[in-house]
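Participant: let's see this in three dimensions:
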Amino acid sequence: MNNIESLHIRGLTIDWDRISPTSYLRRIPSISGLEKLDFHKSITFFVGENGSGKSTLLEAIAVEYGFNPEGGTKNYSFSTLDTHSELCNAIRLIKGACKSRWGYFLRAESFYNVATAEREYGREIGGKPLFLHEKSHGESFLAMAQNYFKPNGIYILDEPEAALSPQRQLTLLLEIVKCAREGSQFIIVTHSPILLGIPDSEILSFDDGKIHPCIYEDTDSYKVTEMFINDRKRILHQLLDCE
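Facilitator: Now for the predicted structure:
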C-alpha cells in the first residue's frame, strides 16, 4: 500500500518568485519557508491548529492537479465564488509514473455547491446522479466516498469528517484504506483522531512554524481527546469555573 514509486503525487516544489511580496502566504509560518515537500505513503494527513496553512496548501495541490477549486472531480468546472489563493500558480507537483484513473477533491465548506452541481456532472462515471441534496449532510458525504472512491485514483480531502458521526468516520476509514490498497493515494486535512489512526499512514504537522512528520500520539487531536475522555470532570470543572 505504501510503495513510493506507485504514488500519483510524489511531492511538490514552490517557486516563491511567482508569489507577490505582499501576499498573506508569506505570513503563514509553515508555508512561507517551504520550497519542497515529499510524500512517502499512499495516505498522508495534514494536521495542525486552525490557520496553520493546511487547507491553503491542500487547495493549491488540488487546483494544480486540475481539480475545480470548489471541489468535485476534474470534470467539474463551475464557480460560485473565486477565493482560492495564488499559491496554485507557484506550486509544481512532482508526479509519479502511475497516472490516476479517477480523482476527487472534497472540501467541507463548499460541499453544498458541489452537491448542487453533482446533478449535472454525476453521470460521468456511468451511473445515476446521487441526488446528494436529498440525503442528510453526513449521508451525502458517505455517498460521495462510496461512489467516487475507486482504485488507482487521487483523492484530496479537506476535513471529510466534518459531517460524520464517529461511527460513520469508521465507515469512511474503511473506504479510504480499501481504496488505498487498490493503488489510490489520499492527501487529507483532518482533526479526526479516528481517521488519523489509520495504520502506516504519514502524518505531517503544520504547527511550530514548519511542516514536519508527527506520530499519531503526538497530534493534538489525539492528546486533547485522550485527556478529555480520561479526565472529563476535572477539565470541565476548570473550564467552567473560569467563565
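
Participant: can we go C-alpha only for contacts and neighbour counts from here?
Facilitator: OK.

Participant: which residues of the protein fall in helices?
Facilitator: 29-32, 54-65, 87-90, 111-121, 137-148, 166-181, 220-230, 232-241 (DSSP state H).

Participant: pick the most buried one from those helices.
Facilitator: A comparison of the helices of the chain by mean neighbour count, using mean count of other Cα atoms under 10 Å, puts helix 54-65 on top with a mean of 22.

Participant: quick one on the thing from earlier: so which of the helices of the chain comes closest to K210?
Facilitator: helix 29-32 (4.3 Å; Cα to Cα).

Participant: so where's this protein uncertain?
Facilitator: Applying pLDDT under 70 to the chain flags the ranges 1-5, 75-84, 108-138, 242-243.

Participant: circling back to that earlier point, can I get the helices of the chain in a markdown table including distance to L157?
Facilitator: Converted to a markdown table, those look like this (distance: least, Cα to Cα, whole Å):
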| stretch | distance to L157 |
| --- | --- |
| helix 29-32 | 19 |
| helix 54-65 | 8 |
| helix 87-90 | 16 |
| helix 111-121 | 11 |
| helix 137-148 | 10 |
| helix 166-181 | 11 |
| helix 220-230 | 17 |
| helix 232-241 | 31 |
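
Participant: my guess is P29 contacts K210, does it?
Facilitator: Yes: with contacts counted by Cα atoms under 8 Å, P29 reaches K210, the gap being 6.5 Å.

Participant: circling back to that earlier point, nearest to S6, of the helices of the chain?
Facilitator: Across those, closest to S6 is helix 166-181 (Cα to Cα), at 10.9 Å.

Participant: for the closest one, packing partners?
Facilitator: When contacts are defined as 3 or more Cα pairs under 8 Å, 6 or more residues apart in numbering; DSSP states H and E, helix 166-181 packs onto helix 137-148.

Participant: helices and strands around the helix it packs on, which ones?
Facilitator: strand 102-107, helix 166-181.

Participant: off-centre distance for it?
Facilitator: Chain-centre distance of helix 137-148: 15 Å, with Cα atoms, centre = their mean, to the nearest Å.

Participant: equivalent analysis for stretch 97-104, please.
Facilitator: Put simply, stretch 97-104 sits 16 Å off its chain's centre (Cα atoms, centre = their mean).

Participant: do stretch 21-39 as well
Facilitator: Stretch 21-39 has its C-alpha centroid displaced from the chain centroid by 18 Å (Cα atoms, centre = their mean).

Participant: hmm, who's touching that stretch?
Facilitator: Stretch 21-39 has contacts (Cα atoms under 8 Å, 6 or more residues apart in numbering) with 4, 9-16, 52-53, 57, 87, 206-211.

Participant: whichever of those end up buried, select them in ChimeraX.
Facilitator: This is how ChimeraX selects the buried members of these, with burial counted by 16 or more other Cα atoms under 10 Å:
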select :9,10,11,12,14,16,52,53,57,87,206,207,210,211
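
Participant: from the contacts of stretch 21-39, which land in strands?
Facilitator: If you go by DSSP state E, these have I9, R10, G11, L12, T13, I14 in strands.

Participant: a markdown table please, covering those and showing distance to Q169.
Facilitator: What follows is the ones in strands among the contacts of stretch 21-39, written out as a markdown table (distance: Cα to Cα, whole Å):
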| residue | distance to Q169 |
| --- | --- |
| I9 | 25 |
| R10 | 27 |
| G11 | 27 |
| L12 | 29 |
| T13 | 32 |
| I14 | 33 |
